[in-house]
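Enquirer: The sequence and its predicted three-dimensional model are supplied below.
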Amino acid sequence: MGLFSRKEKDAERQTLDQGLAKTKESFFQKLSRTILGKSTVDDDVLDNLEETLITSDVGVETTLKVIEKLQERIRRDKYISTSELNSILRAEIAQLLIHPNVQTQFPATFDAPLPHTPYVILVVGVNGVGKTTTIAKLAYRYKEAGRSVVLGAADTFRAAAVEQLQLWADRVGVPIVQQGMGADPASVAYDTLQSALAKQADVVIIDTAGRLHNKVGLMNELTKIRRVMQKLVPDAPHEVLLVLDASTGQNAVEQARQFTEATDVNALALTKLDGTAKGGVIIGISDQFQVPVRYIGLGEKMTDLQLFNPAEFVDSLFE
């Protein structure tokens, strides 16, 4: 249990490499210009590197953190060659992506033992970021791993949201609990969890409304959903998963800021990485908000949603 075959691992790595191709090309073109004609890392290189990281959507705060680490290294060693810069950057970025307790808090793979049963995932995020398809892909990956899954359509603000999730549930072949547009989201979440307990389901994935125009309203709604679920499963939800569109760059950062202020987000999913050169946003968001990236979307296929592995990500980015 919990182990992929070598063939599956190779296929996932190939998908990751292909998905990060635009980000890698953009980042290393900028990095090459940064060190052009230089043999050592001096103030000019650091200034250019700062610009490279910021324009690669790593973000100002995280970029300054990386530059400070390099400056410390230069003060200590007195000398860093530009040929060493890649390996040092690689190590610093890997450190920014690693979060403590991730392995004990969440299942390591889709077929790994679940830390809770049912394992409840509450999905948040604005409309248009790929929230519904991420839920569908999650349901598919867990079902393929032998888990029983129940979906809950608690985004009752839009009729289309309920219909889309129903369509995906039918395609994936998993049951869905829904009460239609205008229903009380907390009531849907409660019924979903009740149904999952009756079915002895392994995984419960609940969609929520993606509007941000009223942060207080969003906070109240999500708090109420959490409260009613805890009447049935005291520690639910186990994942509050914020879905972000990586291709929007700094807009995704702003969404992360607003949602982390409104509710206790403890996991991130970054979608549409395959269509953007802004994959560096993963580094900044993960570091700035101290929330681990759990999943990355690398294409249209159901299997193109992967569990995020920081070491694999950094290896792929720098190879």
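Expert: On my side now, so go ahead.
Enquirer: Return the distance of the helix or strand of the chain with the lowest mean pLDDT from the chain's centre.
Expert: Least confident helix or strand, the chain: helix 102-105 with a mean of 80, by mean pLDDT, DSSP states H and E. Distance of helix 102-105 from its chain centroid, counting by CA atoms, centre = their mean, to the nearest Å, is 15 Å.
Enquirer: and after that helix, which helix or strand comes next?
Expert: Next helix or strand after helix 102-105 toward the C-terminus (DSSP states H and E): strand 119-124.
Enquirer: what's that following strand in contact with?
Expert: Applying CB atoms under 8 Å, 6 or more residues apart in numbering, the external contacts of strand 119-124 come out as 107, 131, 134-135, 138, 189, 193, 202-208, 210, 222, 225-226, 229, 233, 236-243, 259, 263, 265. C-beta here means a position set from N, CA and C on the backbone, and glycine is covered the same way.
Enquirer: now those residues: which count as buried?
Expert: Applying 16 or more other CB atoms under 10 Å to the contacts of strand 119-124, the neighbour count classes 107, 131, 134-135, 138, 189, 193, 202-208, 210, 222, 225-226, 229, 233, 236-243, 259, 263, 265 as buried.
Enquirer: Quick check: Gln294 vs Val233, distance?
Expert: For the record, residue 294 is Arg, not Gln. Arg294 sits 20 Å away from Val233, going by CB to CB, to the nearest Å.
Enquirer: just Ile206 next, same as before
Expert: The gap separating Ile206 from Val233 is 12 Å, by CB to CB.
Enquirer: Tell me which residues touch Lys131, please.
Expert: By CB under 8 Å, 6+ apart, the contact list for Lys131 reads Val123, Gly125, Asp207, Gly210, Val243.
Enquirer: wouldn't the fourth one be in contact with Gly130 here?
Expert: When you say that, I think you mean Gly210. No: between Gly210 and Gly130 there is no contact under CB atoms under 8 Å: 10.9 Å.
Enquirer: sorry, back to before: out of the contacts of Lys131, the closest to Asp10 would be?
Expert: Comparing the contacts of Lys131 against Asp10 with CB to CB places Val243 closest, at 27.3 Å.
Enquirer: Nearest residue to the closest one in space, please, no chain neighbours.
Expert: Spatially, and ignoring its direct neighbours in sequence, Val243 is nearest to Gly125 (3.7 Å; CB to CB, 6 or more residues apart in numbering).
Enquirer: What residues does the one you found make contact with?
Expert: Taking CB under 8 Å, 6+ apart, we find Gly125 in contact with Lys131, Gly210, Leu242, Val243, Leu244, Gln255, Phe259.
Enquirer: can you redo those as JSON lines with secondary structure?
Expert: Formatted as JSON lines, the contacts of Gly125 follow (DSSP: H, G, I helix; E, B strand; the rest coil):
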{"residue": "Lys131", "secondary structure": "helix"}
{"residue": "Gly210", "secondary structure": "coil"}
{"residue": "Leu242", "secondary structure": "strand"}
{"residue": "Val243", "secondary structure": "strand"}
{"residue": "Leu244", "secondary structure": "strand"}
{"residue": "Gln255", "secondary structure": "helix"}
{"residue": "Phe259", "secondary structure": "helix"}
